[in-house]
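J.: return atomic coordinates for the entry below.
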Amino acid sequence: MWITNGGVASWFFVLARTDPDPKAPSGKAFTAFVVDGDAKGLSRGKKEINLGQRCSDTRAITFEDVVVSSKNVIGIPGEGFKIAMKTFDKTRPIVAALAVGLASRALDEAAKYSLERKTFGMPIANHQGVSFMLADMAMALELSRLMTYKSAQEVDLGRPGAYWASIAKCFAADTANQTASNAVQIFGGNGFNTEFPVEKLMRDAKIFQIYEGTSQIQRLVISRQLLQRVAQTGTSSV
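T.: Predicted coordinates for the structure are as follows:
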């Protein structure tokens, strides 16, 4: 299993099956532990070279006969999976914020380049094809920012929930990828070159659609919460 910052982490959050019954539901089968990074039997693999975000020290972490004390249990034994799922309600808004930051940088770079690059005697920003692309990028960025604020506000108010967290994470991640792709398109051939910044942004954006739950998982969470609310209250309004 590849772990983000696995090469530098001092502690690891681990979900381990503690119910021997293979038919036990996930909500009762796993217990959460905190494990010392120097524990005997824990080993770290080589640093992986990823598509993007290469400053992240991603490594495979292997556990072989690692023994931990009962003091290392987080929460109640058997409720580890629930703890992990509730944690996502707080970490997914953070991923959304990262995606918003990347999308903002991509839009800035694309807009500046469109004012500098000239074709047919004028900046490419004057061409409708480019200007409309910039407008779409700006609209999606601002919507992503507002959704991120909303999901963070829910956490601040002490009522974090999967619905807003998943909406923010999913939409912002998709926006970051589309915005970065559009930035490369606006740069043209230069966008495909490592001497310009947008190719790195495009590579860095992809992981936002994967970690802390894929974009497909987010849509599954959103739809389930939506349908459950409609079934219970008769409305989709929160």
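J.: show me what contacts the closest residue to Val230 other than its chain neighbours?
T.: Leaving out its chain neighbours, the residue that sits closest to Val230 by Cβ to Cβ, 6 or more residues apart in numbering is Ser236, at 5.6 Å. Any C-beta I mention is one placed from the backbone N, CA and C, and that applies to glycine too. Shown in contact with Ser236 (Cβ atoms under 8 Å, 6 or more residues apart in numbering): 226, 229-230.
J.: beta-bridge partners for Arg59, please?
T.: Beta-bridge pairing for Arg59 (DSSP bridges): Ile3.
J.: this structure - how does it break down into domains?
T.: Using automatic domain parsing, the domain parsing of the chain gives 2-78, 83-233.
J.: please identify the deepest-packed of the ones you listed.
T.: Counting by mean count of other Cβ atoms under 10 Å, domain 83-233 has the highest mean neighbour count of the domains of the chain, with a mean of 18.
J.: that one: how far from the chain's middle?
T.: Mean-position distance between domain 83-233 and its chain equals 10 Å (Cα atoms, centre = their mean, to the nearest Å).
J.: quick one on the thing from earlier: and the contacts of Ser236 as TSV, adding pLDDT, secondary structure and distance to Leu157?
T.: Formatted as TSV, these follow (pLDDT from 0 to 100; DSSP: H, G, I helix; E, B strand; the rest coil; distance: Cβ to Cβ, whole Å):
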residue	pLDDT	secondary structure	distance to Leu157
Leu226	96	helix	21
Arg229	94	helix	19
Val230	96	helix	24
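J.: ok, Gly45 touching Ile61?
T.: Yes. The pair Gly45 / Ile61 is scored as a contact, 7.3 Å apart, by Cβ atoms under 8 Å.
J.: which residue ranges of this protein form helices?
T.: Assigned by DSSP state H, the chain shows helices spanning 26-29, 80-116, 128-156, 162-187, 198-205, 215-233.
J.: distance to Leu15 added to those helices, as JSON lines?
T.: Shown next, in JSON lines, are the helices of the chain (distance: least, Cβ to Cβ, whole Å):
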{"stretch": "helix 26-29", "distance to Leu15": "9"}
{"stretch": "helix 80-116", "distance to Leu15": "5"}
{"stretch": "helix 128-156", "distance to Leu15": "22"}
{"stretch": "helix 162-187", "distance to Leu15": "18"}
{"stretch": "helix 198-205", "distance to Leu15": "28"}
{"stretch": "helix 215-233", "distance to Leu15": "17"}
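J.: right, and those - which one's nearest Ala9?
T.: In terms of Cβ to Cβ, the element of these nearest to Ala9 is helix 80-116, at 15.3 Å.
J.: next up, the contacts around Gly6.
T.: 44-45, 57-61.
J.: what would these look like in CSV with pLDDT?
T.: Formatted as CSV, the contacts of Gly6 follow (pLDDT from 0 to 100):
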residue, pLDDT
Arg44, 97
Gly45, 97
Asp57, 95
Thr58, 96
Arg59, 97
Ala60, 97
Ile61, 97
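J.: so which of those residues is the closest to Thr175?
T.: For those, the nearest to Thr175 is Thr58 (23.9 Å; Cβ to Cβ).
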